[in-house]
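Asker: Requesting a structural model of the entry that follows:
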Amino acid sequence: MSGTRNSLNSQTSTWRNWAGNVTARPVREVTPASPQELADAVRSAAEDNLTVKAVGTGHSFTALAATEGVLIRPDLLTGIREIDRTSMTVTVEAGTPLKRLNAALAREGLSLTNMGDIMEQTVAGATSTGTHGTGRDSASIAAQIKALELVTADGSLLHCSEKENPEVFAAARIGLGALGVVSAITLAVEPVFLLTAREEPMSFDKVTAEFDALVAENEHFEFYWFPHTGNCNTKRNNRSAGPAAPAGAVSGWIEDELLSNGVFQVACSVGRAFPAAIPAIAKVSSRALSARSYTDIPYKVFTSPRRVRFVEMEYALPREALVTALRELKAMVERSPLRVSFPVEVRTAPADDITLSTASGRDSAYIAVHMYRGTPYQSYFTAAERIMTAHCGRPHWGKVHTRDAAYFAEAYPRFGEFTALRDRLDPQRLFQNAYLRRVLGD
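Answerer: Numbers count the residues shown, from 1 in each chain. Take a look at the predicted model:
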């Protein structure tokens, strides 16, 4: 333990998240190399009356991981512990980036069933905040968890699953860092399969009129609406018998790098400098992406590079409220002086049984609004949030919102279960910070 304690006393620098909208200056940082060293770090912090927060790659837009106490960096808690081909699970260290896990699973002929649209996050960071993709039948990454290992406030290593500490398992899969520090996660996997992606432009009126059918007919459906236009880009992912037909090297680079990142970066920069030009830019950029189809292994279809930095707010709505809310959002943008350069993203998820999952107990649809980093976003997000909350929306835990514990007590029927478990596992609030105080209460 003395070696761990010595490593904690080094000078720390200011921590910033990916978007740059959250900063923190912890008293000290620690990079444990094992669950035992992690437990030691937690006990040391408690002895020194310091709070503890673990941070991943900083892809959350809220201050969920910010701390003035001890910052846990999981850089050495990485790699696969075990692949169990009988139970079809993989146990992975909490700090493993999803991109490394996806590549390692592919080499083993395995895959996650569903995933989000980026893979820069750590496994624990993605699951603890409720990261999700889109799916008719397959839910968030956290819903694929079969067991997890958690260091609690007293330094104990707690194992939980449906059979072992099931009440902790029900909550800790999306635990917000409030119940302890996750050290390892066991995920369900399946033999690697092929997905065919079909991307094509579609009008806003058509996609909203046919939304229910498009969701029902496709395993994974999502679309982007470009504000100030009536244009959308849709994506349908469905399992395929093959053969594999990846996006061509040149055409893929043009779509994913040149247009979706390079040209889009320039367009956003011009829009930030000259907001009046944004509607005209949107009309051009919304028509730049062409229809295409390709077939590849899952992570190469589900995920895309995201190099243009932004700030994001996302709300989960009852699925049946999606079209009404989206039309209200479009009408709000059209009658306002707002100039929005980023497309609005729409995805779906089936109901799950995780206590504070945004899809807990109800089939859900997600509306995500974005603004280019450095552009004032408060007016847009405030107006959008007013629409979302009117439809019983639940904000993504890792994305910008203004909701508090009183709101969540109404939005989540099992909110009290979570806070009671937190009282039991962390009565002294070792894992507390300002964000958790707001969303969970004292």
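Asker: Can you say which helix or strand has the residue nearest the centre of the chain in it?
Answerer: By C-alpha atoms, centre = their mean, the chain has its centre lying nearest to Thr131, at 2.9 Å. Following DSSP states H and E, one finds Thr131 outside all helices and strands.
Asker: Surely it and Ser140 touch.
Answerer: Yes: Thr131 lies in contact with Ser140 (C-beta atoms under 8 Å); the separation is 6.6 Å. Backbone N, C-alpha and C define where each C-beta goes, glycine included.
Asker: For Pro201, the count of nearby residues, please.
Answerer: By other C-beta atoms under 10 Å, 18 other residues sit near Pro201.
Asker: again but with Tyr294, I slipped
Answerer: 19.
Asker: What is the end-to-end distance of stretch 222-231?
Answerer: 14 Å (C-alpha to C-alpha, to the nearest Å).
Asker: same deal with stretch 364-380?
Answerer: Across stretch 364-380, first to last residue, C-alpha to C-alpha, it's 23 Å.
Asker: With stretch 171-183 instead?
Answerer: With C-alpha to C-alpha as the measure, the ends of stretch 171-183 fall 16 Å from one another.
Asker: what distance separates that stretch from the centre of its chain?
Answerer: Counting by C-alpha atoms, centre = their mean, to the nearest Å, stretch 171-183 is centred 15 Å from the centre of its parent chain.
Asker: List the buried residues of it.
Answerer: 171-183 (16 or more other C-beta atoms under 10 Å).
Asker: now stretch 409-427: mean pLDDT?
Answerer: Average pLDDT, stretch 409-427: 98.
Asker: no wait, stretch 382-397
Answerer: Throughout stretch 382-397, pLDDT has a mean value of 98.
Asker: Let me see the residues that make contact with that stretch.
Answerer: For stretch 382-397, the external contacting residues (C-beta atoms under 8 Å, 6 or more residues apart in numbering) are 60, 62, 64, 129-130, 174, 176, 313-318, 321, 324-325, 328-329, 332, 336, 338, 356, 358, 364, 366-369, 401-403, 407-408, 411-412, 439.
Asker: Which parts of the stretch 151-300 of the chain are strands?
Answerer: For the stretch 151-300 of the chain, the strands defined by DSSP state E, counting those that start in this stretch occupy 157-161, 181-188, 190-191, 194-203, 220-225, 231-240, 292-296.
Asker: Let me have those in a markdown table, extended by mean pLDDT and distance to Ala103.
Answerer: Shown next, in a markdown table, are the strands of the stretch 151-300 of the chain (pLDDT from 0 to 100; distance: least, C-beta to C-beta, whole Å):
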| stretch | mean pLDDT | distance to Ala103 |
| --- | --- | --- |
| strand 157-161 | 98 | 26 |
| strand 181-188 | 98 | 15 |
| strand 190-191 | 98 | 16 |
| strand 194-203 | 97 | 16 |
| strand 220-225 | 98 | 21 |
| strand 231-240 | 97 | 19 |
| strand 292-296 | 96 | 13 |
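Asker: so which of the ones you listed comes closest to Thr348?
Answerer: Nearest of these to Thr348, taken as C-beta to C-beta: strand 220-225 at 6.8 Å.
Asker: for that closest one, packing partners?
Answerer: Contacts defined by 3 or more C-beta pairs under 8 Å, 6 or more residues apart in numbering; DSSP states H and E place strand 220-225 against helix 204-209, strand 231-240, strand 344-349.
Asker: Strands of the stretch 1-150 of the chain, start to end?
Answerer: Counting by DSSP E, counting those that start in this stretch, residue ranges of the strands within the stretch 1-150 of the chain are 15-16, 23-24, 28-30, 52-54, 70-72, 80-84, 89-93, 110-111, 145-151.
Asker: neighbours around Thr389, how many?
Answerer: 18.
Asker: swap in Tyr366?
Answerer: Around Tyr366 there are 24 residues (other C-beta under 10 Å).
Asker: which SS class is Met371?
Answerer: Under DSSP: H, G, I helix; E, B strand; the rest coil, Met371 falls in the strand class.
Asker: mind listing what it touches?
Answerer: Per C-beta under 8 Å, 6+ apart, neighbours of Met371: Phe310, Val311, Val340, Ser341, Phe342, Tyr377, Tyr380, Phe381.
Asker: From Trp225, how far off is the second one?
Answerer: If I follow you right, that is Val311. 18 Å (C-beta to C-beta, to the nearest Å).
Asker: Select from the contacts of Met371 every entry located in helices.
Answerer: Secondary structure defined by DSSP state H assigns Tyr380, Phe381 of the contacts of Met371 to helices.
Asker: Nearest to Arg136, out of the contacts of Met371: which one, please.
Answerer: Phe342 (25.8 Å).
Asker: hang on, isn't the closest one packed against Phe310?
Answerer: Yes: applying C-beta under 8 Å, one finds Phe342 in contact with Phe310, separated by 5.9 Å.
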